[in-house]
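Asks: quick one: sequence plus predicted model below, questions after.
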Amino acid sequence: MAPQPSRAERIGDAAIDLLATQGLRGLTHRAVDAAAGLPPGSTSYYARTREALLDLVMARMVELDGAEVTTAGRGRPLDLSDLDAVSTRIADQLHAVMTKSQVRMLARFEFALESTRRDALRAVYDAAGAQVRQPVLEVMRAAGSPAPERHARMMICWYEGTLFDSIAGAGRHRPPTRAELRANARELLRGMLGR
């Protein structure tokens, strides 16, 4: 039996759902309390200000993203010299996010757009993004990329673009299959790594 989420996790999860369905205008302490099924004032106890609530939401999204990556990486260690295995791992993880984490991704897109208008959110969003980008850079280095920073950015752009197109963009009516994602990742990696 899975452990019950803590109150802070319940608040974070409810806030993510609200952000995805109602945008930042719908994200209030009172709305989060109601969505989480908690007594009034519960969210304020964990996040006194709106900025603190946004920090809590982003921290919860990063935590869930990290858990998803960890789950996708379970099993045999990944042989970075095997581009088919690397492509499969990337495709499987991207497909899982596209199919099982749409609400969280919509919330992240909403957060990203709002952060272009509010400097405080930009700092929070960029700090969270750095936690995701660093492992990609490390993989590209370990895989033998001649330009790991540039190649990591290219991989992230493909991944993020595919996510957006498949969840919120014009491609949402026909998102790529796992096999298509695998072929795309393999082609991208071979082009970058020259093998």
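Replies: That came through, no problem.

Asks: just checking, residue 184 touches residue 176?
Replies: Yes. Distance between residue 184 and residue 176: 7.0 Å, which falls inside the contact criterion (C-beta atoms under 8 Å). In short, each C-beta sits where N, CA and C put it, glycine included.

Asks: list residues touching both of those two?
Replies: Here residue 184 and residue 176 share the contacting residues residue 162, scored by C-beta atoms under 8 Å, 6 or more residues apart in numbering.

Asks: now do the same contact list for the residue nearest to the spatial centre of the chain.
Replies: Taking C-alpha atoms, centre = their mean as the criterion, residue 65 is the residue nearest the geometric centre of the chain, at 5.0 Å. The neighbourhood of residue 65, defined by C-beta under 8 Å, 6+ apart, consists of 104, 132.

Asks: how about the host helix or strand of it: buried residues?
Replies: Assigning secondary structure by DSSP states H and E places residue 65 in helix 50-72. Buried positions in helix 50-72, judged by neighbour count with 16 or more other C-beta atoms under 10 Å: 53-58, 60-62, 64-65, 68, 72.

Asks: do the same with stretch 132-142
Replies: The neighbour-count criterion (16+ other C-beta under 10 Å) identifies 133, 136, 137, 139, 140 as the buried residues of stretch 132-142.

Asks: how distant is that stretch from the center of its chain?
Replies: For stretch 132-142, the separation from the chain centroid amounts to 15 Å (computed by C-alpha atoms, centre = their mean, to the nearest Å).

Asks: what does stretch 130-145 give?
Replies: Using C-alpha atoms, centre = their mean, we find the averaged C-alpha position of stretch 130-145 to lie 16 Å away from the chain's own average C-alpha position.

Asks: so for that stretch, mean pLDDT?
Replies: Model confidence over stretch 130-145 averages 88 on the pLDDT scale.

Asks: still on that earlier bit, which of the buried residues of stretch 132-142 fall within strands?
Replies: Helix and strand membership here follows DSSP state E; of those, not one is in strands.

Asks: and those, which of them are in helices?
Replies: Counting by DSSP state H, these place 133, 136, 137, 139, 140 in helices.

Asks: got CSV for the buried residues of stretch 132-142, with distance to residue 86 too?
Replies: Compiled in CSV, the buried residues of stretch 132-142 are given as follows (distance: C-beta to C-beta, whole Å):
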residue, distance to residue 86
133, 17
136, 11
137, 14
139, 8
140, 10
